[in-house]
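[1] Provided below for reference: sequence and predicted model.
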2 protein chains.
Amino acid sequence: MSSKPTLAVVGATGAVGGVMLGILSTRHDVYGEIRLVASPRSAGRKLTVRGEQVEVLALAPEVFDGVDIAMFDVPDEVSAEWAPVAAARGAVVVDNSGAFRLDPDVPLVVPEVNAEQTRNRPRGIIANPNCTTLSMIVALGALHRMYGLRELVVASYQAASGAGQAGIDTLYDQLERVGGQRELGNRAGDVRAAVGEFGPFPAPLALNVVPWAGSLKDGGWSSEELKVRDESRKILGLPDLKVSATCVRVPVVTTHSLAVHAVFDGRVDQREAQAVLAGSPGVVLLDDPEAHEYPTPADVVGTDPTWVGRVRRSLDDPKALDMFLCGDNLRKGAALNTAQIAELVAAEFTGR
Amino acid sequence: MSSKPTLAVVGATGAVGGVMLGILSTRHDVYGEIRLVASPRSAGRKLTVRGEQVEVLALAPEVFDGVDIAMFDVPDEVSAEWAPVAAARGAVVVDNSGAFRLDPDVPLVVPEVNAEQTRNRPRGIIANPNCTTLSMIVALGALHRMYGLRELVVASYQAASGAGQAGIDTLYDQLERVGGQRELGNRAGDVRAAVGEFGPFPAPLALNVVPWAGSLKDGGWSSEELKVRDESRKILGLPDLKVSATCVRVPVVTTHSLAVHAVFDGRVDQREAQAVLAGSPGVVLLDDPEAHEYPTPADVVGTDPTWVGRVRRSLDDPKALDMFLCGDNLRKGAALNTAQIAELVAAEFTGR
């Protein structure tokens, strides 16, 4: 195998799909043909990738004929049905849904942390983690290698685009309605009455924060919170890692932030931990509060790395670090990590 | 002593002062005279309290002559200078600055938690806690009485008004500028360029979250984070309580929210903890995710209680609870708690 592999991008017309086409357009030499695939109602649209107009094909078994690698960014139930179809036709599937992430026969890969798992794919499917987990796990993987991770307490500040294009549109719509209304936010219910449609969110997002993402699971946990726990454990290879997450949506368009309290096996040191993070691939340390330097979504959006700041050793536990992390949930949190996994697979084809 | 005490409100023209005048206007029978005091540049303005126009006096020693209780909501350095002046003239001072909170001779009071400390005031000063601590401590006090608190990990979602009227104005200004700009938030730096002045914040607040509040202390901690730790310990009477806080500003006008991971001495139970919270004075339990019921700032602002939802027992620690809390930082977080303390003192005068 030495020719460039053929790639299919399934879900090309979504919010993540759009970012993916941009990323693929910066990597001209990796793939041969690139096929764009979406639901029948989007078929026939033309999208630009690598500077060329490409017509979107309707999802059907035969679109996978001759495909070597298929990226999926579609709802769970669509992946559950179609990823095995693509795999059966010979494609290696890199799937960004939740359908296969906890399947023991499907590796869950973050290249900076567990690239070696990419080849361990008995079903021909590799899963891409949830965007919230991805926004922190590269940095935590680096600290785990240094200190040995025992426990995580996570609070998220999740962007609207984590709920897809509908989430983005809803936030802009709401901001347009509240902009210029200078009395909003002082009385209960005023914002609720002013913002218009809630879109994919259960409450107003403009001028508000909403402690909910995903669906309800046992014990009052949200699916998003369980993903942070279960996926962190699988990626890090720590099945007994203690994890408590509270996932909260904030009025930010794109880039998830997380406040993380991480407890390790042994004593930690602030300066050493900062040096470990600064020296880790895929991580940028931005940690100088005196100079107002810490990551914020407005400064991180559109970039590839996980940004870390506010690194502090806990005052009451010499084995614990507190920190604040930001990662673009559409790039590293979705499209970029999928592209990185696909490139690891592509390297098998071209023998690089 | 049986006549109604004379009250002075120092800092009457600020964001908290305005809320205070509203609260005082609902309590016609507590005080005799109410004097309004502010900096010389605000003196002469007329403000409405209890339905009457009252002229604001310039801060000076003689404004405290004949005053029984003086509420202060002014910057730390102003309180540090003037609270002892008021106390020396015979007033009991209830101070909402950070100047005296950790003074061992000044009680730090939350009436639902430690009302008995109000009478233990050798300096004639009683301190009101920081708004972030106040937004959670009534609920945590109730859980502490039931289970015995050992450790807190806190991530905050703090409103603009925590930075005063300048914070409110800055957020409205920024929202007016970004409203209708539907491409903002997709590229690093765009929001920074679009929002105009940052006001009291170190970075844009509209379409952003900012992991900073207060001033820089040792080890990279912010003063706000240390207040959460030190004040929680003092109010609860737990000098060894383990506390790690990460304080983050969000684009909400008023009402602080907190994600709290609380570890107790013994096993906890989700339903029992919910019942404890639901039965505690000053706390409202709003915890039915299936019905989209959890507290959000937009629904809590303007109300008195601490609202708690998302109560979950940690999956990996039977002694830990995770929850999400909201409290109006200008009411219970500042003016209301100050008013409650002052009323405990007023009851001494009227013998009620």
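    Thanks, I have the structure now. The structure presented is a predicted model; accordingly, all values stated were derived computationally and were not measured.
[2] OK, contacts around the closest residue to chain B within the stretch 151-300 of chain A?
    Among all residues of the stretch 151-300 of chain A, A:Gly179 sits closest to chain B, at 1.8 Å; criterion: C-beta to the nearest C-beta. From N, CA and C alone the C-beta is placed, and that goes for glycine too. Counting by C-beta atoms under 8 Å, 6 or more residues apart in numbering or on different chains, A:Gly179 touches B:Leu175, B:Glu176, B:Arg177, B:Val178, B:Gly179, B:Gly180.
[3] And the pLDDT for the fifth one?
    The reference is to B:Gly179. With respect to pLDDT, B:Gly179 scores 85.
[4] Export stretch A:343-352 to CSV, keeping only CA atoms.
    Extracted in CSV, the C-alpha atoms of stretch A:343-352 (Å, rounded to 0.1, in the frame of the first residue of the first chain):
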residue,chain,number,x,y,z
GLU,A,343,-3.7,10.8,9.6
LEU,A,344,-2.3,8.0,11.9
VAL,A,345,-4.4,5.6,9.8
ALA,A,346,-3.4,7.2,6.5
ALA,A,347,0.2,6.8,7.4
GLU,A,348,-0.4,3.0,7.4
PHE,A,349,-1.6,3.2,3.8
THR,A,350,1.3,5.3,2.5
GLY,A,351,3.9,3.5,4.6
ARG,A,352,5.2,6.8,6.0
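[5] in the stretch 1-150 of chain A, which spans are strands?
    A:7-10, A:34-38, A:46-49, A:52-55, A:57-58, A:69-72, A:92-95, A:125-127, A:149-157 (DSSP state E, counting those that start in this stretch).
[6] Leaving out the residues flanking it, which one is nearest to the residue of chain A positioned farthest from its centre?
    Most distant residue from the mean C-alpha position of chain A: A:Glu183, 35.9 Å away (C-alpha atoms, centre = their mean). Nearest non-adjacent residue to A:Glu183, counting by C-beta to C-beta, 6 or more residues apart in numbering or on different chains: A:Asp190, 7.6 Å away.
[7] how close does the one you found get to A:Leu184?
    5 Å (C-beta to C-beta, to the nearest Å).
[8] Then A:Gly279?
    As judged by C-beta to C-beta, A:Gly279 and A:Leu184 stand 46 Å apart.
[9] Mind checking which of the two has more residues around it?
    Between A:Gly279 and A:Leu184, A:Leu184 has the larger neighbour count (other C-beta atoms under 10 Å in any protein chain shown), namely 22 against 10.
[10] pLDDT value on the more buried one, please?
    85.
[11] And for A:Lys332?
    For A:Lys332, the pLDDT comes out at 88.
[12] Check for me that it belongs to a helix.
    Yes: under DSSP: H, G, I helix; E, B strand; the rest coil, A:Lys332 sits within a helix.
[13] which ones are touching it?
    By C-beta under 8 Å, 6+ apart, the contact list for A:Lys332 reads A:Leu134, A:Ser135, A:Val138, A:Gly282, A:Asp304, A:Pro305, A:Thr306.
[14] Look up the closest residue to the second one, ignoring the ones flanking it.
    So that's A:Ser135. A:Ser135 sits nearest to A:Gly327 (C-beta to C-beta, 6+ apart), 3.3 Å away.
[15] Am I right that that neighbour is in contact with A:Asn337?
    No: assessed by C-beta atoms under 8 Å, A:Gly327 is found out of contact with A:Asn337, at 9.8 Å.
[16] For the stretch 251-352 of chain A, which segments count as helices?
    Secondary structure of the stretch 251-352 of chain A (DSSP state H, counting those that start in this stretch): helices at A:270-278, A:297-300, A:336-350.
[17] Tell me, how many residues neighbour A:Val10?
    Residues near A:Val10, counting by other C-beta under 10 Å, number 30.
[18] quick one: pLDDT of it?
    A:Val10 is assigned 97 on the pLDDT scale.
[19] before we move on, what about A:Ala275?
    pLDDT, A:Ala275: 98.
[20] do A:Gly351 as well
    Looking at A:Gly351, the pLDDT reads 69.
[21] So A:Glu225 is in contact with A:Val248, correct?
    No: A:Glu225 is not in contact with A:Val248 according to C-beta under 8 Å; the separation is 10.1 Å.
[22] residues near the closest residue to A:Asp287 other than its chain neighbours, how many?
    Nearest in space to A:Asp287, with sequence neighbours left out and distances taken as C-beta to C-beta, 6+ apart, is A:Gly309 at 4.3 Å. Number of residues near A:Gly309 (other C-beta under 10 Å) recorded here: 23.
[23] so how many other residues sit close to the residue of the stretch 1-150 of chain A found nearest chain B?
    Nearest residue of the stretch 1-150 of chain A to chain B: A:Val19, at 9.5 Å (C-beta to the nearest C-beta). Neighbours of A:Val19 under the rule other C-beta under 10 Å: 25.
[24] I'd assumed A:Leu330 was in contact with it.
    Yes: under the criterion of C-beta under 8 Å, A:Val19 makes contact with A:Leu330 at 4.5 Å.
[25] Check the contact lists of those two and give me the overlap.
    By C-beta under 8 Å, 6+ apart, A:Val19 and A:Leu330 have no common neighbours.
[26] The one helix or strand A:Ala245 maps to versus strand B:149-157: what angle between them?
    Per DSSP states H and E, A:Ala245 falls inside strand A:242-246. Using axes from the mean of the first three to the mean of the last three C-alpha atoms, to 10 degrees, the inter-axis angle of strand A:242-246 relative to strand B:149-157 is 40 degrees.
[27] Determine the set of other helices and strands touching strand A:242-246.
    strand A:149-157, helix A:223-236, strand B:256-264, strand B:320-327 (3 or more C-beta pairs under 8 Å, 6 or more residues apart in numbering or on different chains; DSSP states H and E).
[28] Of those, give the one that comes closest to A:Asp95.
    Judged by C-beta to C-beta, the one of those that comes nearest to A:Asp95 is helix A:223-236, at 13.3 Å.
[29] Would that closest one count as contacting chain B?
    Yes: using C-beta under 8 Å from any C-beta of the partner chain, we find that helix A:223-236 touches chain B at A:Arg229.
[30] now that helix, how far from the chain's geometric center?
    12 Å (C-alpha atoms, centre = their mean, to the nearest Å).
[31] what's the angle from it to strand A:256-264?
    For helix A:223-236 against strand A:256-264, the angle between stretch directions is 50 degrees (the same axes, to 10 degrees).
[32] Could you list every helix and strand that helix A:223-236 packs against?
    Looks like helix A:223-236 contacts helix A:111-114, helix A:131-147, strand A:149-157, strand A:242-246 (3+ C-beta pairs under 8 Å, 6+ apart).
[33] gap between stretch A:269-276 and the chain center?
    Computed by C-alpha atoms, centre = their mean, the separation of stretch A:269-276 from the middle of its chain amounts to 26 Å.
[34] For it, list every residue counted as buried.
    A:Ala273, A:Gln274, A:Val276 (16 or more other C-beta atoms under 10 Å in any protein chain shown).
[35] quick one: the second one and A:Val284 touch, right?
    Read that as A:Gln274. No: using C-beta under 8 Å as the test, A:Gln274 is too far from A:Val284 to be in contact (11.6 Å).
[36] Next up, the contacts around A:Gly14.
    A:Ala38, A:Asp73, A:Val74, A:Gly164, A:Gln165.
[37] From these, list just the buried residues.
    Buried by 16+ other C-beta under 10 Å: A:Ala38, A:Asp73, A:Val74, A:Gly164, A:Gln165, out of the contacts of A:Gly14.
[38] and which of those residues is nearest B:Arg150?
    Looking across the buried ones among the contacts of A:Gly14 and measuring by C-beta to C-beta, the closest to B:Arg150 is A:Gly164, at 40.6 Å.
[39] circling back to that earlier point, need the strands of the stretch 1-150 of chain A in TSV with distance to A:Asp230, can you?
    What follows is those, written out as TSV (distance: least, C-beta to C-beta, whole Å):
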stretch	distance to A:Asp230
strand A:7-10	24
strand A:34-38	29
strand A:46-49	33
strand A:52-55	36
strand A:57-58	33
strand A:69-72	20
strand A:92-95	16
strand A:125-127	12
strand A:149-157	12
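[40] Out of those strands, which is closest to B:Ala15?
    Per C-beta to C-beta, nearest to B:Ala15 of the strands of the stretch 1-150 of chain A: strand A:149-157, 24.2 Å.
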